[in-house]
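Asker: Prediction below, plus the sequence it came from.
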Amino acid sequence: MLLRVVKRLLARPSLERVLINIDAPELLDEFPELIELRNQGRVEILRSTDSPSASVLESLDHAGLDQESVLVTTADHALLDDAMLDAFLAASAATDSDLTLALVPRTTLRARFPESRRTYLHFRGESYSGANLFYFRTPVARKAALLWRRVESQRKRPWRIARAFGPINLILFLSRRLDLSAAMIRASRVVGARIVAVPLTIAEAAVDVDKIEDLELVRRILVERNRA
């Protein structure tokens with residue numbers, strides 16, 4: 001899956017290089033294609049730190065967010081393709097955001113994959129599943145990763161997470177009184193960076209591989225694509 005994502009990204013002229021952040025970099029020595037790409041300078045490999053948010057922060061700093069924008073995705077985004085990237089990056093470029101993130105509406109996902117179990121964020125009028133695409137467009141976007149680090153460290157203390165976002169924002173979110181746009185405006189104020197959510201109408205964008213049934217679904221989709 002990792003190699004599949006890396007090759008998809010490197011096929012895009014606008015992306016100069018790929019930085020892989022992984023717990024055990026030595027495992028990648030078994031893949032000659034990755035070693036060759038590293039030797040060519042097109043791929044760099046970092047050892048992950050103690051948490052996902054810390055690893056993202058390290059990667060942003062290593063990639064040079066102060067000089068260029070950084071696209072972040074996950075190694076289990078097995079169905080990542082040009083259609084998703086084109087839609088996400090084009091929509092991101094049309095905003096004045098510091099950070100954009102991709103989401104897929106629940107109605108889109110359920111219509112395509114009614115049997116797929118996903119985690120949803122619930123807003124007024126629609127729920128959304130994450131699409132594992134984040135575009136850090138400016139250095140200010142680093143503030144979002146810093147807040148993520150702070151919240152992540154308190155994940156077993158919900159009251160502290162609530163305090164980070166403010167009780168009013170939490171109540172509005174839990175009561176589903178905010179639509180997606182309004183929620184992003186409030187999140188931007190808390191973070192101190194302009195955050196815009198990009199809804200994608202491509203259901204496959206929300207399919208990552210967390211479970212065996214996810215892997216089976218992905219393989220079935222790829223077989224269908226090859227037949228088509």
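Answerer: Looks like it came in fine.
Asker: Make sure residue 6 is actually in contact with residue 43.
Answerer: Yes - at 6.4 Å, residue 6 and residue 43 qualify as touching, with contact defined as CB atoms under 8 Å. Glycine gets a C-beta too; all of them are placed from N, C-alpha and C.
Asker: list residues touching both of those two?
Answerer: Contact criterion CB atoms under 8 Å, 6 or more residues apart in numbering; residues shared by residue 6 and residue 43: 18, 20, 34, 37.
Asker: so who does the second one touch?
Answerer: Right, residue 20. 2, 6, 28, 34, 43, 44, 45, 46, 75.
Asker: Excluding chain neighbours, what is closest to the third one?
Answerer: Which is residue 28. Nearest-residue entry for residue 28: residue 34, 5.1 Å, with adjacent residues in sequence omitted and distances by CB to CB, 6 or more residues apart in numbering.
Asker: Name all residues that make contact with that neighbour.
Answerer: 2, 3, 6, 20, 28, 43.
Asker: right, and the secondary structure at the fourth one would be what?
Answerer: Same thing as residue 20. Three-state call for residue 20 (DSSP: H, G, I helix; E, B strand; the rest coil): strand.
Asker: how far away is it from residue 146?
Answerer: Distance, residue 20 to residue 146, using CB to CB, to the nearest Å: 22 Å.
Asker: Below-threshold pLDDT in this structure: ranges please.
Answerer: Confidence mapping of the chain against pLDDT under 70 gives the ranges 153-163.
Asker: can you pull out the helices in it?
Answerer: Taking DSSP state H as the test, the helices found in the chain are 2-10, 32-39, 52-63, 82-93, 106-112, 142-152, 158-165, 167-174, 180-191, 212-227.
Asker: The fourth one to helix 2-10, inter-axis angle?
Answerer: Relative orientation of helix 82-93 with respect to helix 2-10: 50 degrees, computed using axes from the mean of the first three to the mean of the last three CA atoms, to 10 degrees.
Asker: Show the secondary-structure elements that helix 82-93 is packed against.
Answerer: strand 99-105, strand 126-136, strand 195-199 (3 or more CB pairs under 8 Å, 6 or more residues apart in numbering; DSSP states H and E).
Asker: and residue 198, bridged to which residues?
Answerer: residue 102 (DSSP bridges).
Asker: what's it in contact with, if anything?
Answerer: 87, 88, 91, 92, 100, 101, 102, 103.
Asker: With residue 31 instead?
Answerer: For residue 31, the contact set (CB under 8 Å, 6+ apart) comprises residue 3.
Asker: Quickly note the distance from it to residue 70.
Answerer: 24 Å.
Asker: Excluding covalently adjacent residues, which one is nearest to residue 150?
Answerer: In this structure, residue 150 finds its nearest non-sequential neighbour in residue 164, 6.3 Å apart by CB to CB, 6+ apart.
Asker: before we move on, what about residue 177?
Answerer: Leaving out its chain neighbours, the residue that sits closest to residue 177 by CB to CB, 6+ apart is residue 124, at 6.0 Å.
Asker: Let me have the contacts of residue 198 in JSON lines, adding distance to residue 184 as columns.
Answerer: Converted to JSON lines, those look like this (distance: CB to CB, whole Å):
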{"residue": "87", "distance to residue 184": "18"}
{"residue": "88", "distance to residue 184": "15"}
{"residue": "91", "distance to residue 184": "13"}
{"residue": "92", "distance to residue 184": "13"}
{"residue": "100", "distance to residue 184": "10"}
{"residue": "101", "distance to residue 184": "9"}
{"residue": "102", "distance to residue 184": "13"}
{"residue": "103", "distance to residue 184": "10"}
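Asker: can you pick the most crowded of those residues?
Answerer: Neighbour counts for those (other CB atoms under 10 Å) peak at residue 102, which has 27 neighbours.
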